[in-house]
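In: Need a 3D model of the following:
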Amino acid sequence: VQLQASGGGLVQAGGSLRLSCAASVRTFSNYAVAWFRQAPGKEREFVAAINWIDTTTYYADSMKGRFTISRDNAENTVYLHMNTLKPEDTAVYYCAAGAVVAPSARPYKYWGQGTQVTVSS
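Out: You can find the predicted model right below:
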């Protein structure tokens, strides 16, 4: 499974971005998909995840109410809608896919290359 993350860029604080994670397999709907991010000098942290079986969504506390994860199985794509962005959201955002949904990186077997999000103040 190959994942292609895109949609990052430079945005002012308070702005919005939509990240996309496109998969190379038609069975993408069978995978749980998550977004993680890593800021310079910091560890990779969980952002959000969506289950494959019932599309239940999960969020890190600091993203609740601002970020929304969704999936379009027909397009083999998972999206991360980010609103009310803050400078502390600046990071490289990675999408990942695995058999089970989890707020940690280890269960996810497949990773995209990352897309840079920069939020200016």
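
In: pLDDT value on the most centrally placed residue in the chain, please?
Out: What sits nearest the mean C-alpha location of the chain, by CA atoms, centre = their mean, is Trp35, with 2.6 Å. Model confidence at Trp35, given as pLDDT, is 98.

In: what do you get for the one 5 residues further on?
Out: Per-residue confidence for Pro40 comes out at a pLDDT of 92.

In: Same question for Cys21.
Out: For Cys21, the model assigns a pLDDT of 96.

In: rewinding a little: the host helix or strand of the residue nearest to the centre of the chain packs against which elements?
Out: Taking DSSP states H and E as the criterion, Trp35 maps to strand 32-38. Under the contact criterion of 3 or more CB pairs under 8 Å, 6 or more residues apart in numbering; DSSP states H and E, strand 32-38 touches strand 17-23, strand 45-50, strand 67-72, strand 77-82, strand 91-98. C-beta coordinates here come from the backbone N, C-alpha and C atoms, glycine included.

In: related to what we said a few turns ago, can you tell me how far the residue nearest to the centre of the chain is from Ser121?
Out: Distance, Trp35 to Ser121, by CB to CB, to the nearest Å: 23 Å.

In: how much space between the residue lying closest to Asp72 once chain neighbours are set aside and Arg71?
Out: Spatial nearest neighbour of Asp72, chain neighbours left out: Tyr79 (7.3 Å); criterion: CB to CB, 6 or more residues apart in numbering. From Tyr79 across to Arg71, the span is 7 Å (CB to CB).
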